[in-house]
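Asks: Just a sequence and a predicted model for now, questions to come.
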Amino acid sequence: MEVILKQDIKNLGEKDDVVNVKPGYGRNYLIPKGFASMATGSARKVLAENLKQAAFKQEKIRKDADAIAARLEGVTLTIGAKAGESGKIFGAINTIQISDALKKQGFEVDRRKITFDSEPKFVGDYTANLNLHKEVKVKVPFTVVAE
């Protein structure tokens, strides 16, 4: 019995895969739980069309990410923070501050897509990693200065 998976199932397949399963497993578990649907001719055509449209959307998102990455080349940020005499900052520099600094320069980057190589805890130079797309990653240098 062939079914089209609606979500990833461990040891069976990933979403939108057409897999061959035993009839009882498909009829009594996968289909009633909503994990799969029957792989009929019309369902296969719908799946092919959905995959084609999803690939088109993903390509557009990747091109947009490439454009933002090209514009981010050479951009450096300066983040102000309260610091003690030894250069240790009070609190921490977080992704929200990096996102706000990028927004001031005209770049719209979600804070959840920003990570750090090392946590900024002292005044100095650091690097923020921007994961714009699963294939497009950009490193943006930033400087923490005492206010």
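Replies: Received the coordinates, thanks. Numbering: from 1, shown residues only.
Asks: Flag every buried residue along the top helix by length along the chain.
Replies: In the chain, assigned by DSSP state H, the helix with the most residues is helix 41-72. Buried residues in helix 41-72, counting neighbours by 16 or more other CB atoms under 10 Å, are found at L47, A65, I68, L72. Where you see a C-beta, it was placed from the backbone N, CA and C, and this is true even at glycine.
Asks: How about stretch 126-133?
Replies: Those would be Y126, A128, L130, N131, L132, H133, for stretch 126-133 by 16+ other CB under 10 Å.
Asks: got a list of what the second one touches?
Replies: Under the criterion of CB atoms under 8 Å, 6 or more residues apart in numbering, the contact list for A128 reads L77, T95, I98, I114, T115, F116, K139, V140, P141, F142.
Asks: Restricted to strands, list these.
Replies: Judged by DSSP state E, those include L77, I114, T115, F116, K139, V140, P141, F142 as members of strands.
Asks: Just the buried residues of those residues.
Replies: Looks like the ones in strands among the contacts of A128 have L77, I114, F116, V140, F142 buried, using 16+ other CB under 10 Å.
Asks: among the residues you listed, which two are most distant?
Replies: Largest separation among these by CB to CB: L77 and F116, giving 12.5 Å.
Asks: quick revisit: in CSV: the buried residues of stretch 126-133, plus pLDDT and distance to V18.
Replies: Converted to CSV, those look like this (pLDDT from 0 to 100; distance: CB to CB, whole Å):
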residue, pLDDT, distance to V18
Y126, 93, 47
A128, 93, 41
L130, 92, 36
N131, 90, 31
L132, 87, 32
H133, 84, 27
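Asks: List of residues touching the helix or strand encompassing D100?
Replies: Take DSSP states H and E as the rule and D100 turns out to sit in helix 95-104. Applying CB under 8 Å, 6+ apart, the contact partners of helix 95-104 are 75, 77-79, 108-112, 114-116, 128, 140, 142.
Asks: List the buried residues for that helix?
Replies: Counting neighbours by 16+ other CB under 10 Å, helix 95-104 gives T95, Q97, I98, S99, A101, L102 as buried.
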